[in-house]
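In: Return a 3D structure for these sequence lines:
(2 chains)
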Protein chains: 2
Amino acid sequence: MTARLLCIGEILVEMVADEVDQSNLAPGGWRGPYPSGAPAILADQAALCGAEVSLVGSVGADDFGAACLARLRASGVGLDRVRVDETGTTGVAFVSYRSSGERSFVFHLPETASGRFRLTEPEAALGGVDCVHLMGSSAFSPAAVEALLEVDAAAAALGVRTSFDPNLRPEMLNRPEYVAALRRILGRAWLVLASEGELPALLGDGTDARCAARLLAGGAELVVVKRGAAGASLFRRGADEVRVPGLAVDEVDPTGAGDCFGGTFLALHLGGMDAAEALRYANVAGAMAVTRRGPMSGNRTFAELQAVERSLTPA
Amino acid sequence: MTARLLCIGEILVEMVADEVDQSNLAPGGWRGPYPSGAPAILADQAALCGAEVSLVGSVGADDFGAACLARLRASGVGLDRVRVDETGTTGVAFVSYRSSGERSFVFHLPETASGRFRLTEPEAALGGVDCVHLMGSSAFSPAAVEALLEVDAAAAALGVRTSFDPNLRPEMLNRPEYVAALRRILGRAWLVLASEGELPALLGDGTDARCAARLLAGGAELVVVKRGAAGASLFRRGADEVRVPGLAVDEVDPTGAGDCFGGTFLALHLGGMDAAEALRYANVAGAMAVTRRGPMSGNRTFAELQAVERSLTPA
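Out: Numbering: from 1, shown residues only, chains lettered A, B, ... in the order given. Alright, predicted model coming up:
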C-alpha cells in the first residue's frame, strides 16, 4: 500500500557556516547551497521511503531553485504543484551553530519567491490523498499563514486527514495571530509530530504528556513527541506511551533531523505499518540525518534504514 | 576644501565563491558577508579620501546590515539617512567568477530591505551638497527607479550637480522603462563616470568617444570612461582626451573597482583637485581595489594612494 501525501510550504537553500560560533558580522567561510525547507526535507524523506508525495511550493527562476528541484526530483517527490516564480528569488537561510548548541539564522524567506507558496485547485490536489502535512515553520508571513489555513480548511471540507508539526520558530511566539493559526491547525490534526516542549509552548500546558492527552481527547489519533538524541514517544488514545530511546551517532548537522523523522513516520505509517514500528524507523532516520552536513544530505531510503536498524538490533 | 557628496542606492552584502567556475547548483565553499553595493563602495572610498559623504539607503535589522553599517561608519560615511528596516532583511549577492572572466550572480535585492532606499526630506539632505551621485545598478525595481528619479528631480530643482555611473546590469537593457530613466539621469549629469561600452549601450551610439562628445555638447562638464586594467580616459569640453594607462597588479577580485575609482575621483575633484590629477589617483585606487577579496577590502585612504602613486613614478 503506497502512502499518498501532500506537503505544503517553504523550499529554500541553506548556507552553513564552516565554524562553530562563526560571526555573521565579518567575512567567514560557508558551504552551500543545500536544498532545504522543512516541508521539502520531509517530502524528500517520505518519497525515499516509498510514499507518493506531492509538494506544494514556490521557488525563484534561479540556480538555487533549480538545485532544490533537481534534488527533490531525484528523490521522487512530485513537483507538479511547485511554481517557478519569475518575479522573485529562491529563499536562503544562513545557519551557524553556537557552542551553546543553539543555531543562529539569517533568513531571506518571506519576501522571496519561496515565501509565495499557495495551493491552487485544492479539490484536484487533495483528491485521493491520505494525509496533508502542515508545518509551523511555514507560518512566516500573513500570506503564508493564509495559505496554510486555506489548505487546512480545504482538507476539512474534503474529509482529508492532516498531520501537523509545530516546528516553532521562537520569533513566531511573539505574534499572537500566528499562534492562533497554528493552534487552529493543531486542533484539527489527525497526527501531531512535535518536538519536546513545543506543545506546552503552543497550548500553555505544563508537559508534553498532558498536551498529548488533551489533543487525543480533542480528536487527534496519534501524537508523537520528538526528543532528538533522547529518542521519541508515541501517544495513542487508550494506549500506553511507547518510547524509543535515542541512538548514539556522531552529530555533524542537526538541521532537518526532525523533518526526516516526520517524513519517515508518515510514509511508513500511512503505507500500512503499525505506528509503533514506524516510530522506530523514524527514530533511526532522525539519527542518521544528523550525521551529514546539509539538511537533506542524511535522508535515507527505507532499505537503508532497515539495514541500519538490523545493525543496531542484537542478533 | 572638503567635498560634500550625497550618494543613494543599495547597501548589501556579498558572498564570494571560493572556486572559479563554481556551480550554484551544488554545495560549494563561499566567503562572506562582505559589505557591498555599488553606491556604498563608492561612498566608503570617497569618505576614505576625505569627502564628507552622506549615504541614503536601507538595510535590514540583522547581522548582515550591522556588518555593512559598521564598515561604513569606520570609514567615516555619514549614515543618518540610512534606514534600518525592521520589515525586511539585508540584501545578499552571491558572486562567482567564471574562467571566461565573467561574473555570475544570484541576487537577493529588490525584495529586501536593501531595495527600499528612498530620500526623505530632499531639501534638508541636498542643502550644502556639492554633488549627488546616482548609479544605474540601483535601478533594479520600479520603486528603486522612482527613488532615483525623485532624487534627480530634487537636485535639478535645487540646482545641485549630479554625477552618474550607468553601472549597467545586462538584464536592465531588456527593460525599456529602466533604460529611459537612466537616459534621463544621464542627460542631466554634470559628471559621467562610465565603463567602456556602457555609453554606446545606453545611447545607441558607436563609440565611447562619440558618446562623450555628445554628452559634453548636451551639458555635461566631464565624462570619464573607465577601462579596467586598460586605464581610463577623461573628456572635457574643448580639451583633448586625457588618458591614463592601466597599472599592472595581481587581480584577486575585480568587484567594486569601478566604484572605488568613482569615489576617489569625486572626493578629490570635488575637493578642489584638477580633474586630470584626480583621474590619476582614481586609476590607482581602481587598481588597488582588485588586489583584495571583497568589494570594499581594497579601498584605500588618500595617503595610501599617494604612497602607491609615488612608488609607481620613476624618481
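
In: Pull up the residues of the stretch 151-300 of chain A that are close to chain B.
Out: residue A:294 (CB under 8 Å from any CB of the partner chain). C-betas here are computed from N, CA, C, even on glycine.

In: which residue sits closest to residue A:211 in space, ignoring its chain neighbours?
Out: Among residues not flanking residue A:211 along the chain, residue A:199 sits closest, at 3.5 Å (CB to CB, 6 or more residues apart in numbering or on different chains).

In: pLDDT (mean, whole number) over the helix or strand containing the one you found?
Out: For residue A:199, the element it lies in under DSSP states H and E is helix A:198-203. Here helix A:198-203 scores 94 as its mean pLDDT.

In: same for it, what does it pack against?
Out: In terms of contacts (3 or more CB pairs under 8 Å, 6 or more residues apart in numbering or on different chains; DSSP states H and E), helix A:198-203 is packed against helix A:176-188, helix A:208-218.

In: count of neighbours near residue A:237?
Out: By other CB atoms under 10 Å in any protein chain shown, the residues close to residue A:237 number 14.

In: my guess is residue A:148 contacts residue A:39, does it?
Out: No - judged on CB atoms under 8 Å, residue A:148 makes no contact with residue A:39 at a distance of 10.3 Å.

In: Give the residues shared as contacts by those two.
Out: A:8-9, A:138 (CB atoms under 8 Å, 6 or more residues apart in numbering or on different chains).

In: which among the residues you listed gets closest to chain B?
Out: residue A:138 (17.5 Å; CB to the nearest CB).

In: Provide a list of residues in contact with the closest one.
Out: Counting by CB under 8 Å, 6+ apart, residue A:138 has contacts A:8-10, A:38-39, A:117, A:144, A:147-148.

In: any idea which element the residue most central in space within chain A lies in?
Out: Centroid check for chain A by CA atoms, centre = their mean gives residue A:259 as the closest residue, at 3.5 Å. Assignment of secondary structure by DSSP H and E places residue A:259 within helix A:257-270.

In: helices or strands next to that helix in the packing?
Out: strand A:4-8, helix A:38-48, strand A:131-135, strand A:162-165, strand A:191-195, strand A:222-226, helix A:275-289, helix A:302-312.

In: Nearest residue to residue A:52 in space, please, no chain neighbours.
Out: Excluding the flanking residues, the one nearest residue A:52 by CB to CB, 6+ apart is residue A:4, at 4.8 Å.

In: repeat for residue A:1
Out: residue A:272 (4.4 Å).

In: for the stretch 1-150 of chain A, what spans make up the helices?
Out: Here the stretch 1-150 of chain A has its helices, by DSSP state H, counting those that start in this stretch, at A:38-48, A:63-75, A:122-126, A:142-158.

In: Among those, show me which one is buried the most.
Out: helix A:38-48 (a mean of 30; mean count of other CB atoms under 10 Å in any protein chain shown).

In: Next, report how far that one is displaced from the centre of its chain.
Out: Distance of helix A:38-48 from the chain centroid (CA atoms, centre = their mean, to the nearest Å) equals 7 Å.

In: so for that helix, what's the average pLDDT?
Out: Mean predicted lDDT for helix A:38-48 stands at 98.

In: swap in stretch A:78-91?
Out: 95.

In: what distance separates the start and the end of that stretch?
Out: 20 Å (CA to CA, to the nearest Å).

In: Return the set of buried residues in stretch A:229-241.
Out: A:231-236 (16 or more other CB atoms under 10 Å in any protein chain shown).

In: What's the local residue count around residue A:127?
Out: Residue A:127: 11 neighbours (other CB under 10 Å).

In: pLDDT (mean, whole number) over stretch A:289-302?
Out: Across stretch A:289-302, pLDDT averages out at 93.

In: just how off-centre is it within its chain?
Out: The answer for stretch A:289-302 is 13 Å, by CA atoms, centre = their mean.

In: any weak-confidence spans in chain A?
Out: A:313-315 (pLDDT under 70).

In: Which single residue of the stretch 201-315 of chain A approaches chain B most closely?
Out: Counting by CB to the nearest CB, the stretch 201-315 of chain A gets nearest chain B through residue A:294, at 6.3 Å.

In: okay, the helices and strands packed on helix A:198-203 in a markdown table with mean neighbour count and distance to residue B:16 next?
Out: Converted to a markdown table, the helices and strands packed on helix A:198-203 look like this (neighbours: other CB atoms under 10 Å in any protein chain shown; distance: least, CB to CB, whole Å):
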| stretch | mean neighbour count | distance to residue B:16 |
| --- | --- | --- |
| helix A:176-188 | 17 | 36 |
| helix A:208-218 | 18 | 45 |
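
In: Now those in TSV, please, with extra columns for distance to residue B:126.
Out: Shown next, in TSV, are the helices and strands packed on helix A:198-203 (distance: least, CB to CB, whole Å):
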stretch	distance to residue B:126
helix A:176-188	42
helix A:208-218	60
